[in-house]
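Engineer: Sequence and predicted structure are below.
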Amino acid sequence: MEEKLIEAKFTKNKLSQSTLILSVALIVLGLIISVFVFLTGEGYESFGFGYGGTYPYTVIYDYSLLEFFSEVIADPIDFDGDGFFAFLIYIGIVGIVLAFFFKWEMSKCSLTVTNRRVTGKASFGKSVDLPLNQISAVALGIFSRITVATSSGKIHFWFIKNREEVHSVLTNIIGKVQVESVYNQPKNAPISDADELKKYKDLLDKNIITQEEFDAKKKQLLGL
């Protein structure tokens with residue numbers, strides 16, 4: 001009977017919130033610089049960017065702030081180098097779009113571990129349904145990531161709030177499956193002592209069995 005062991009909890013808003021805060025900060029910085037340039041006419045000379053005027057744009061071009069802002073946003077490259085703030089605003093707008101994309105994408109992620117399989121959805125909507133005997137290893141990574149390794153590749157789950165607990169459950173259940181697969185070899189399946197010893201060495205390297213258990217099995221196989 002299949003039994004659910006644990007379900008991952010994702011911090012779905014962490015990446016989107018960080019991206020949104022940074023993007024808004026860039027837009028605000030761009031607006032502050034634009035007002036400074038408009039009122040002083042010093043352009044980017046004060047910031048070390050290209051040539052700037054010496055009079056306010058209200059005097060030179062008889063622009064209102066809205067007209068000045070619109071001109072630079074529409075064509076920042078040809079506006080005497082004073083379009084740098086427009087670049088910041090453009091980047092900020094792109095960042096806001098990405099923030100909402102991350103929030104939408106992460107809201108679809110899920111990860112459930114049962115006594116038979118791992119199911120769920122990884123990043124970018126990749127569906128996962130893996131029997132435990134197909135999983136070779138489980139690892140932790142940056143950004144609260146869990147990586148599930150199989151013979152066909154690696155699957156990443158990001159921003160898992162309870163990742164240590166999920167990792168512990170996964171490691172234990174996969175270890176049990178691997179041990180059972182070794183002990184439950186069909187009686188009629190020919191296997192050499194060297195092959196069997198190699199399997200136990202793999203279990204030892206993965207900390208699934210102890211050194212004492214490995215040594216006992218080694219003595220048994222070698223007839224010591």
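Structural biologist: Arrived safely, thanks for sending. Numbering: from 1, shown residues only.
Engineer: Read off the pLDDT value for Gln17.
Structural biologist: On the pLDDT scale, Gln17 is placed at 81.
Engineer: residue contacts, it?
Structural biologist: For Gln17, the contacting residues are Ala99, by C-beta atoms under 8 Å, 6 or more residues apart in numbering. Yep, even glycine has a C-beta here, placed from its N, CA and C like the rest.
Engineer: Val138 now?
Structural biologist: Ile146, Thr147, Val148, Ala149, His167, Leu170, Thr171, Ile174.
Engineer: Mind listing the residues bridging to it?
Structural biologist: Going by DSSP bridges, Val138 is paired in beta bridges with Val148.
Engineer: same check, this time on Val128
Structural biologist: With DSSP bridges as the rule, Val128 is bridged to Gly120.
Engineer: burial of it, as a residue count?
Structural biologist: Using other C-beta atoms under 10 Å, Val128 has 17 neighbouring residues.
Engineer: mind checking how far it is from Val28?
Structural biologist: According to C-beta to C-beta, to the nearest Å, Val128 stands 40 Å off from Val28.
Engineer: what's the nearest residue to His156 if we skip its chain neighbours?
Structural biologist: Counting by C-beta to C-beta, 6 or more residues apart in numbering, His156 lies nearest to Thr147, which is 5.3 Å off, once chain neighbours are set aside.
Engineer: And the helix or strand where Thr19 lies, what's buried?
Structural biologist: For Thr19, the enclosing helix or strand under DSSP states H and E is helix 14-40. For helix 14-40, the buried set under the neighbour-count rule, 16 or more other C-beta atoms under 10 Å, comprises 14-16, 19-20, 23, 26-27, 30, 33-34, 36-38, 40.
Engineer: ok, back up a step: list the contacts for the residue nearest to His156?
Structural biologist: Contacts of Thr147 (C-beta under 8 Å, 6+ apart): Val138, Ala139, Leu140, Gly141, Lys154, Ile155, His156, Phe157.
Engineer: which residues in this structure form helices?
Structural biologist: Per DSSP state H, the chain carries helices over the ranges 14-40, 57-60, 65-74, 84-106, 163-183, 193-205, 211-222.
Engineer: What angle do helix 84-106 and the first one make with each other?
Structural biologist: For helix 14-40 and helix 84-106, the angle between their directions (axes from the mean of the first three to the mean of the last three C-alpha atoms, to 10 degrees) works out to 160 degrees.
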